[in-house]
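**Q** Here is the input, now give the coordinates:
(chains A and B)
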Amino acid sequence: MISLNRVTRIFNSRDGDQVTALQDVSLEIGRNEFITLVGPSGCGKSTLLRIVAGLTLPTAGRASIGGEEITEPRAETGIVFQAPTLLPWASVVDNVLFPLRMMHRIDSTSADKAMALLKLVGLTGFEGKSPRELSGGMQQRVAICRALVHDPDILLMDEPFGALDALTREEMTMELLRIWGERPKTVLFVTHSITEAVVLADRVVVMSPRPGRIAEIIDIGLPRPRSFETEATPEFHEASHRIRQLIFGTRHVGSGRAAA
Amino acid sequence: MSVQAAPPLEERQKPPRRRKKSAALYEVVLPLIATAGLFLLWEGACRAFGIPGYLLPAPTDIWKDTMAIGPTVAGHTVATFKTVMLGFAVSILISLPLAVLLTASPAIAAAVYPFLVWTQSIPKVALAPILVVLLGTNELPRIVITVLVAFFPLVISIATGLLSVPPELIELSRACRASKLSELLRIRLPYAIPFIFAGLKVAISLAVVGAVVAEFVNADAGLGFLIQTSTAFFKVPVAFGALIILSVMGVVLFQIVVVAERVFFPWSSSNTTPGA
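**A** Here you go, the predicted structure:
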C-alpha cells in the first residue's frame, strides 16, 4: 500500500546548515496494517509522516502509495495532529464535516456519515456543542472523526494522544483499537510512548536520530482484539524491552562502562 | 475551627449566581455611581470655591448653555458622527484587503510595510491643512484624516489574526487540497475575528479623535468646529458640552462594537476576557 524506497529528507536550517531529518528510509506497509513509529525527538518520525501525507517532499528516494508517487496531499488520506485544532466557531458536527466542505464533497449523506462517526467514538448527543464545551479527550475524538469523515484508506496520526492526560490516553488507545477494528484502515501512528506503540501495532518501527533512520522493525505477534490485559503478557514485555534497548542503547542497563 | 471552615464551603456553592450579579454591578451600576459622584463633586467644587465659568464651568451651567442652542449642537453632533462613521467604514474597507495582502506574501509585506509606518509617523494635525489645499474644503479631507488616524491599528491586528491560525489547520486545508481563497474565507478570516474586533475597538475610538482633529483645521460644522468657535467667543460651557458629547459618542460607539462581537461571534475568545 505505502512504499518508501531509500527516502532522504534534508532541511536547510536558517543559519545555512543542512539538517538530515531522514536518511535512506525504506519501508513497505501493507493494506490495513497498523504501523507505529517510535523514537526519541528529532528522529524524523513526523517528517516521515508528513512525507506520506504529501505535505513534505523527499529530497531523494521515492515515496509512493499504491504504486503512485506522492507529490501532493491526496484526498484519500486522513490526518490527526497532536492538538485537536478544532474550529472554535463551528459545532462538533460541522467540525467533523469540515474536510468534506473544503473538498466540495458535501452532499445529502454527509450529515448521516458524521453522526455515525460521532456514535462510533461515543459522542452521540454532542453534535451541536461547541468544541470548547468538550474535554481534551472528547475534542481529540472529534478530530479523529474529522480525519475519518471522507472515508480515507490511510490514517496518519502524529502523536494524537500526546497532549492528553495519562488516564485519558490509555482509554483513547483502546478506543482507537476498537475504531480500527470496526473500520479497518492503513494506519501510520507516531508516538513517544513505547506502551502505546506496542499495544496498537502490527509492526513497530523504531527510529534513531541524527540522522533519522530506521533502527529496527519489530513484529508484534500479540493476538487481537487487544485489551489492557495484553500489557500483562510476556510477549508485550519482551517487545517493550527490545524497543527500550534500541532507543536507550545499553546506557541504563547497569554498569557505567556501557556508555563508552 | 469548624466555624471558620464553614463559610468558604458555602461560598463555593454560590459562585454562578453571585458572579452574574456582580458582573451587572461592576459593568453598569458602579461606573454610573462613579460618574454621578464625579459630577456632584465638580458641581460642589465650582459653587463652594466660586470658580469662574470661563475657567471651569459647573455641570449645570454646561447643561443650561448647551441646551440653549440645542438644535445647533445637535446639527454639529450629526456632522461629526457622519465623519466618524464614514472614516470608520473606509478604514475597514481599506484595512481588510491590505491585511490580506500583507500576510499573503513576505515580498508584498516588505514593500508595503514601510509606507504604512510612514503614514503613522506623520503628525495628522500637520497634514490636515495640506490635505485641505489638495482636496478642498469639503468633507473629503476630514474623512481622509479620520482614516489615516484609525486604519493602522486595524491593519496590524487583522494581519496578526490572519497569521495566528494553528499551522495544523493550514496543513489540514492543504491536505484537503483547498484553494488559497477557501483557506482564507473558511479558516484564516474566522480565526482572525477576535483580533479584528480588538482592532475595531481601537479604530472606532481613534476615528472620533481623527474626526475632531480634522474639524479643528477645516470645517464649518462638527463638534470640533463648535469647540473652536465657542472658545474663541469665551463660551466655555458650550465647549465643555461639546467635549462631553464627544466622549459619550466615543464610549457608545465602542460599546456597540463590543456588543456586536458578543452577538454575532459569541465564540470569539476575547468575549471571555474581562474588560472586553
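
**Q** can you give me phi and psi for residue B:134?
**A** In terms of degrees, to the nearest 10, the main-chain angles of residue B:134 are phi -70, psi -40.

**Q** That one: neighbour count?
**A** Per other C-beta atoms under 10 Å in any protein chain shown, the neighbour tally for residue B:134 reads 11. Every residue, glycine included, has its C-beta placed from N, CA and C.

**Q** Nearest to chain A: which residue in the stretch 1-150 of chain B?
**A** Nearest residue of the stretch 1-150 of chain B to chain A: residue B:106, at 14.0 Å (C-beta to the nearest C-beta).

**Q** List the contacts of that residue.
**A** By C-beta atoms under 8 Å, 6 or more residues apart in numbering or on different chains, no residues touch residue B:106.

**Q** what about the nearest residue in space to residue A:140 that is not next to it in sequence, helix or strand, and which?
**A** Spatial nearest neighbour of residue A:140, chain neighbours left out: residue A:84 (5.0 Å); criterion: C-beta to C-beta, 6 or more residues apart in numbering or on different chains. Using DSSP states H and E, residue A:84 sits in no helix or strand.

**Q** Based on its surroundings, how many neighbours for residue A:84?
**A** Residue A:84 has 24 neighbours, counted by other C-beta under 10 Å.

**Q** for it, what are its contacts?
**A** Per C-beta under 8 Å, 6+ apart, neighbours of residue A:84: A:131, A:136, A:139, A:140, A:142, A:143.

**Q** now swap in residue B:265 and tell me
**A** Contacts of residue B:265 by C-beta under 8 Å, 6+ apart are A:89, B:193, B:194, B:197, B:271.

**Q** Next, count neighbours for whichever residue of chain A sits closest to chain B.
**A** Proximity of chain A to chain B (C-beta to the nearest C-beta) peaks at residue A:102, 3.8 Å away. Look at residue A:102: counted by other C-beta under 10 Å, it has 22 neighbours.

**Q** That one and residue B:174 touch, don't they?
**A** No: if you go by C-beta atoms under 8 Å, residue A:102 and residue B:174 don't touch, sitting 9.8 Å apart.

**Q** in which helix or strand would I find the closest residue in space to residue A:55 that isn't next to it in sequence?
**A** Distance criterion C-beta to C-beta, 6+ apart; nearest residue to residue A:55, sequence neighbours excluded, is residue B:171 at 5.6 Å. For residue B:171, the host element (DSSP H and E) is helix B:167-175.

**Q** which residues does the residue nearest to residue A:18 when sequence neighbours are not counted contact?
**A** Excluding its sequence neighbours, the residue lying closest to residue A:18 (C-beta to C-beta, 6+ apart) is residue A:10, at 5.3 Å. Under the criterion of C-beta under 8 Å, 6+ apart, the neighbours of residue A:10 are A:18, A:19, A:20, A:21, A:59.

**Q** how does it look with 7 Å?
**A** Residues near residue A:10 by C-beta atoms under 7 Å, 6 or more residues apart in numbering or on different chains: A:18, A:19, A:20, A:59.

**Q** May I ask which two of the residues you listed are separated the most?
**A** A:19 and A:59 (11.1 Å; C-beta to C-beta).

**Q** Next up, phi/psi of residue A:9, please.
**A** Backbone torsions of residue A:9, given as degrees, to the nearest 10, read phi -130, psi 120.

**Q** what does residue A:133 give?
**A** phi -90, psi 0.

**Q** follow-up on the earlier one: so after the helix or strand containing the residue nearest to residue A:18, what's the next helix or strand?
**A** Remark: residue A:10 resides in strand A:2-12, with elements defined by DSSP H and E. The helix or strand immediately downstream of strand A:2-12 is strand A:18-29, counting by DSSP H and E.

**Q** so how far is the helix or strand following that following strand off the chain centroid?
**A** Per DSSP H and E, the first helix or strand lying C-terminal to strand A:18-29 is strand A:34-38. Computed by C-alpha atoms, centre = their mean, to the nearest Å, the separation of strand A:34-38 from the middle of its chain amounts to 7 Å.

**Q** Neighbours of the residue nearest to residue A:55, how many?
**A** 19.

**Q** Then residue A:40?
**A** 13.

**Q** Kindly report the same for residue A:141.
**A** As a burial measure, residue A:141 scores 25 neighbours (other C-beta under 10 Å).

**Q** Distance to residue A:175 and neighbour count for the contacts of residue A:10 - can I get that in a markdown table?
**A** Listed next are these as a markdown table, based on distance: C-beta to C-beta, whole Å; neighbours: other C-beta atoms under 10 Å in any protein chain shown:
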| residue | distance to residue A:175 | neighbour count |
| --- | --- | --- |
| A:18 | 41 | 9 |
| A:19 | 36 | 14 |
| A:20 | 36 | 16 |
| A:59 | 37 | 16 |
